[in-house]
Structures are given as C-alpha cells and as structure tokens.
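Visitor: sequence unknown, structure follows:
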Ligand code: GLU
Ligand code: MG
C-alpha cells in the first residue's frame, strides 16, 4: 500500500488497474470547504470512468459558502496524483480516495475552491522563479468518548512533554496514527507527547505547498479514524483549557529555485538567511494582522494568544526566542527556513498557505525592509518599551482579525471576492453569536453586583 500511496503521476488506466487488482469497493472524491472541513462524495468503481473523465457532478448549494441555488452544479476533477488506498479495510474490500479540484459548469476553476486559490498563488510564485516548500507541525488533543460514543473534553492522561504513563491510551493511539500516516505515503519525522495533558504532536517531512496542504487534510482524517478505533476523539481545537498549552500548527516555509536549491540559504550571512528570505519575512510581518483571520479562524483561536504557553502575541521575528511570530530555527544549507508560529490547526490549510505565500511574495516584489530581530522575551517588556520598539500585537479577537483582513487589499484580492465575502460574513456572524453568550466567568465575577 505504501508504494501505491506515494504521490505519482498516475494515468487513468493505471488507476483502473489498481482499483480492480486491490479490490477497491468505494472511492471517496474529497474536497475542502472554505472553513477547512473535509467533504466527500463516495462512488463505487462502476462510476470510476466517469469520475476520471471529470464528469462527477455535485450540488454546490449544499456546501456552506459555495454557490447560490441557481448556479449550483459543480464538477469534481480528481487530482490523479493524490490517489491513495486507505490502510483500514473492511469485510467487503478496500476504500480509496482522490483529492479533487472544483470546476463550474462552464469548465472554469471554481473561484470559491480553496485548493485552486492556493494553486493560483503557487503559479504566481513559479512565474517569479520560486517553488514553495512547507512543513507543518501538527499539535492536537486526544479526548475520551462517553458511553454513548459522543465526544467529551475529558482527558485520560496526566502526562506531560515526553512523558510515559503506565497505561497511556493516547500513546497507543498515536502509534497507530503514525503507522497509518506512513501507509498513506507520509514520511513521519517525529511524534511525541506535548506539554498539556492529552496533547500530542506528529511532524512529517516538508513538501511542495500544495502537497503539504493536502497532507494536512489527510492527516486530520487519518487521526479522526484512528482515534475513534481507540475509543478516543482527536481534536484540533486551538485552546481547550485556560491555563494550559494550546495547539499550534507552526508552518516552516522556504523557497527553492527551479533547480531545487533552497534560496532562503546564504552562507555569507551572519544567520545564514538570504536577502530573499528577509524580504519574504518582511512581507509576512507587514500582512500579519489580516493573515490572522485565516490562520486563526475560530473565536477560540484567540484564547491561545496569551503569554506563557509558547504561542505568539506580538508581531516580531527572532533567531532563538519562541515568543515572537516568526522564529528562525538553526540553519544549515538544506533546511534554511522560517517558522511561522501563529497558525493553529483549525485553519484551512489551503487558504492559510495561499495567504502566507502571497504575503511573502509581496514582500519580495515590493522589496520590503525587514525590521530588526527581537532576541529577548517580548513578554517581559513593558507596553512603553514595546511601543518604542515598534512591536505591535496580533489581533486580540476574531472581530479585530476580520477587520484587519478586510483592510488588507492584497489578502482580499488573493482570496477573491466570492470566497472573501462569504468568509467575512460567516466569521462576523460567528463573532456576534459568541459575543451574545453569557459565560461561567461572567457569572463568577459579576453575580454579586
Ligand atoms: N503549543 C505551542 C503553541 O501553541 C507550541 C509549542 C512548541 O513550540 O512546540 O504554539
Ligand atoms: Mg510543539
């Protein structure tokens, strides 16, 4: 299975042959909506030829944020390189998947398809001579299911970073996840317990940005299945508990030239970072407020941006320190990269990568100057000191982030008006609904008034 599931340029005939030989009974035609939710239409091999001719149709009006009723027919174009057979089998046989691009009835890429938005940004990068590489670090929680099989936020585990409990339900599940990911073609580089109880991390090898975004979606799906088989639920909620670490999806980003050389590396530079890398980073810092609405899409995402839990609060970069938005990990020729630390795993990976790369390319194209690094603990500075150093805060909540997104022309243009309008509308609605809630905290503090 591992060999089949490594990304290859399959021909339709090769796919048909594998489906027959491996007794594939179901094929999931997958795509991602703008909120980062994986969707699929399941077909049997009897429909495979039709699907391979890009004729598989679905009703776009049933997907939130896609299209109005009167123009609802959409077509799924399977990306044949994403063909994979899932490592879990049932009695009737195997099931497989394609990740698809979405086209409208006229045969044009659908403007609201996050995967195509990323494709457009990558094509722009390639026109400038750059191949974008991204390595995500996925953090997540594993919680118990209740007796009715419903998710809870109860953890089974009192362990911490690198801990080994006597009976660690989470560790068994995590081992299974790593094996399933490898069977799906991932190169898993590390897996470990993270700081909070029931929190884990699995890292896999960086890849071309489109592949990486596809992998994030596959990762979440594989985890969901493996967790369930262990009586657990995998959760990508950014901050489940106040006072404990939240989950990030740090993005390690670099650019290669067409020959595959990492152009973020410069051996003559003091910290081995090239001028291109610096301008790219300046672009991300310049667009950071607006980017946040996509990188941190939930009301809950902003609860993670508090001091003391290795998540950023301020827009700055540093060579060593983990408190700023961008950190430069130790560099050697192969792995010169920047680590963007604000994204969390609830983000839509296609939109997140599209906007980060668009912001970085903008920095390069406009030759933006990089501010000085902040190599000290920003949290220990006073507000006045931060002000004097020109260090701004990330948006404090979803509302501020959406406002910053709307004010950022490059980002709204990159998303395209179709998706951007619907996204902003939905997020403002989410914010309004949340703001009208009365929380336990308010009761504890205000009931006595
Ligand atoms: N969990 C931290 C976060 O919220 C990151 C910890 C780490 O550096 O791995 O981003
Ligand atoms: Mg981590």
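Guide: Arrived safely, thanks for sending. Bear in mind the structure is a predicted one, so any value in this text is a computation, not a measurement. Ligands and ions are numbered 1, 2, ... in the order given.

Visitor: Please name the nearest non-neighbouring residue to residue 230.
Guide: residue 173 (4.0 Å; CB to CB, 6 or more residues apart in numbering). Glycine gets a C-beta too; all of them are placed from N, C-alpha and C.

Visitor: May I see the buried residues of the helix or strand harbouring that neighbour?
Guide: Element membership for residue 173 (DSSP states H and E) is helix 169-183. Judged by neighbour count using 16 or more other CB atoms under 10 Å, the buried positions of helix 169-183 are 169, 170, 171, 173, 174, 176, 177, 178, 180, 181, 182, 183.

Visitor: just how off-centre is that helix within its chain?
Guide: Here helix 169-183 is found 20 Å from its chain centre; the criterion is CA atoms, centre = their mean, to the nearest Å.

Visitor: and it, what does it pack onto?
Guide: In terms of contacts (3 or more CB pairs under 8 Å, 6 or more residues apart in numbering; DSSP states H and E), helix 169-183 is packed against helix 2-5, strand 131-144, strand 188-193, strand 199-204, helix 209-229, strand 232-235.

Visitor: at 6 Å instead, please
Guide: Applying 3 or more CB pairs under 6 Å, 6 or more residues apart in numbering; DSSP states H and E, we find helix 169-183 packed against strand 188-193, helix 209-229.

Visitor: Sheet partners, orientation included, of the first one?
Guide: When you say that, I think you mean strand 188-193. Partners of strand 188-193 in the sheet, by DSSP bridges, are strand 199-204 (antiparallel).

Visitor: what about the strand it pairs with, average pLDDT?
Guide: For strand 199-204, mean pLDDT is 96.

Visitor: okay, the angle between that strand and strand 131-144?
Guide: 150 degrees (axes from the mean of the first three to the mean of the last three CA atoms, to 10 degrees).

Visitor: Check what contacts strand 199-204 and list those residues.
Guide: Counting contacts by CB atoms under 6 Å, 6 or more residues apart in numbering, the residues outside strand 199-204 that touch it are 137-141, 174, 186-194.

Visitor: how near is the residue in the chain positioned nearest to ligand 1 to residue 304?
Guide: Minimum separation of the chain from ligand 1 (CB to the nearest ligand atom) falls at residue 248, amounting to 2.7 Å. Per CB to CB, to the nearest Å, residue 248 is found 7 Å from residue 304.

Visitor: hmm, which two among the contacts of strand 199-204 are most spread apart?
Guide: The widest separation within these, taken as CB to CB, falls between 141 and 187 and amounts to 24.0 Å.

Visitor: which residues sit in contact with the nearest residue to residue 389 once chain neighbours are set aside?
Guide: With CB to CB, 6+ apart as the criterion, residue 389 has its nearest non-adjacent residue at 6.9 Å, and that residue is residue 374. Taking CB under 6 Å, 6+ apart, we find residue 374 in contact with 316, 318, 324.

Visitor: for the residue nearest to the second one when sequence neighbours are not counted, what are its contacts?
Guide: Going back to what we said before, that points to residue 318. Using CB to CB, 6+ apart and skipping residues adjacent in sequence, the residue nearest residue 318 is residue 324, 4.5 Å away. Contact partners of residue 324, counting by CB under 6 Å, 6+ apart, are 312, 316, 317, 318, 374.

Visitor: Quick check: the first one touching residue 340?
Guide: So the one you mean is residue 312. No - if you go by CB atoms under 6 Å, residue 312 and residue 340 don't touch, sitting 9.0 Å apart.

Visitor: what residues does the stretch 151-300 of the chain put near ligand 1?
Guide: The stretch 151-300 of the chain comes close to ligand 1 at residues 245, 246, 247, 248, as judged by CB under 6 Å from any ligand atom.

Visitor: Can you flag the buried ones in these?
Guide: Among these, those classed as buried by 16+ other CB under 10 Å are 245, 246, 247, 248.

Visitor: Nearest residue to the middle of this structure?
Guide: residue 349 (3.2 Å; CA atoms, centre = their mean).

Visitor: Got the phi and psi for that residue?
Guide: With angles defined as degrees, to the nearest 10, residue 349 sits at phi -70, psi -30.

Visitor: which residues does it contact?
Guide: By CB under 6 Å, 6+ apart, the contact set of residue 349 is 213, 216.

Visitor: okay, now residue 449: neighbour count?
Guide: 4 (other CB atoms under 10 Å).

Visitor: Kindly provide the distance from it to residue 39.
Guide: Using CB to CB, residue 449 is found at 47 Å from residue 39.

Visitor: How about residue 174?
Guide: 26 Å.

Visitor: Repeat that for residue 234.
Guide: For residue 234 relative to residue 39 (CB to CB), the value is 18 Å.

Visitor: And the two? Which one has more around it.
Guide: residue 234 (25 against 16).

Visitor: Quick check: that one touching residue 223?
Guide: Yes - counting by CB under 6 Å, residue 223 is a contact partner of residue 234 at 4.0 Å.

Visitor: tell me the SS of residue 76?
Guide: Classification of residue 76 using DSSP: H, G, I helix; E, B strand; the rest coil returns strand.

Visitor: Tell me, how many residues neighbour the residue nearest to it when sequence neighbours are not counted?
Guide: In this structure, residue 76 finds its nearest non-sequential neighbour in residue 100, 4.0 Å apart by CB to CB, 6+ apart. Using other CB under 10 Å, residue 100 has 27 neighbouring residues.

Visitor: Check the one 4 residues further on too.
Guide: Residues within reach of residue 104, counting by other CB under 10 Å, total 18.

Visitor: Check whether it really touches residue 113, as I assumed.
Guide: No - judged on CB under 6 Å, residue 104 makes no contact with residue 113 at a distance of 9.4 Å.

Visitor: circling back to that earlier point, of residue 141 and residue 187, who's got more company?
Guide: When residue 141 and residue 187 are compared for neighbours, residue 141 comes out ahead with 26 against 13, by other CB under 10 Å.

Visitor: quick one: contacts for the more buried one?
Guide: Residue 141 makes contacts with 198, 199, 235, 240, as judged by CB under 6 Å, 6+ apart.

Visitor: just to revisit the earlier point, may I have the secondary structure class of the residue nearest to residue 76?
Guide: For residue 100, the assignment made with three-state DSSP gives strand.

Visitor: Having no further points to raise, I will conclude here.
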